[in-house]
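Build me a model from this:
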Amino acid sequence: FAAFDVMFALEIWDEIQALKGTTSQVSLRASRWVDFSDRRLGLTGTPMPQYPWDIFGIYRALDPGIFGTYWTPFKDQFVIEK
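Numbers count the residues shown, from 1 in each chain. Have a look, this model is predicted:
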């Protein structure tokens, strides 16, 4: 993943629910963009598409400081499996 010589003022992600997958290429690549701007904005009409843990991929791209960048620690702390 090539680094940029500039910092962006703002990243805007439209239809951010597409980033909900924890292992999808779109979600993983989007999470790498956090180093290129100080502010990020996600737009969606479906903030929690199916399950509460769908927000992990979204927050990983918007603000990894909230839930972290790795799925396993997030899952261990927040996901209750039956």
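
export the helix or strand of the chain with the lowest mean pLDDT as PDB, just CAs?
In the chain, no helix or strand scores lower on mean pLDDT, DSSP states H and E than helix 25-31, which sits at a mean of 85. Taking C-alpha atoms only, helix 25-31 is exported to PDB below (Å, rounded to 0.1, in the frame of the first residue of the first chain):
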ATOM      1  CA  GLN A  25     -10.800  -6.700   1.100                       C
ATOM      2  CA  VAL A  26     -12.800  -3.500   1.000                       C
ATOM      3  CA  SER A  27     -12.900  -3.300   4.800                       C
ATOM      4  CA  LEU A  28      -9.300  -4.100   5.200                       C
ATOM      5  CA  ARG A  29      -8.100  -1.600   2.600                       C
ATOM      6  CA  ALA A  30     -10.400   1.100   4.000                       C
ATOM      7  CA  SER A  31      -8.900   0.700   7.500                       C
END
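
so who does the nearest residue to Lys75 once chain neighbours are set aside touch?
Leaving aside its chain neighbours, Lys75 sits nearest to Trp53 (7.1 Å; criterion: CB to CB, 6 or more residues apart in numbering). To be clear about C-beta, it is placed using only N, CA and C from the backbone, and glycine gets the same treatment. Taking CB atoms under 8 Å, 6 or more residues apart in numbering, we find Trp53 in contact with 22, 74-75, 78-79.

and Gly21, how far is that from Asp38?
Counting by CB to CB, to the nearest Å, the gap from Gly21 to Asp38 is 25 Å.

who has more neighbours, the two?
Taking neighbours as other CB atoms under 10 Å, Gly21 and Asp38 compare with Gly21 leading, 15 against 10.

Where does Gly42 sit: helix, strand or coil?
Secondary structure, DSSP: H, G, I helix; E, B strand; the rest coil: Gly42 is strand.

Distance check, it against Asp5.
25 Å.

who's more crowded, those two?
Gly42 (19 against 5).

Quick check: bridge partners of the more buried one?
Beta-bridge partners recorded for Gly42 (DSSP bridges): Trp13.

Going along the chain, name the helices of this protein.
25-31, 55-62, 64-67, 71-78 (DSSP state H).
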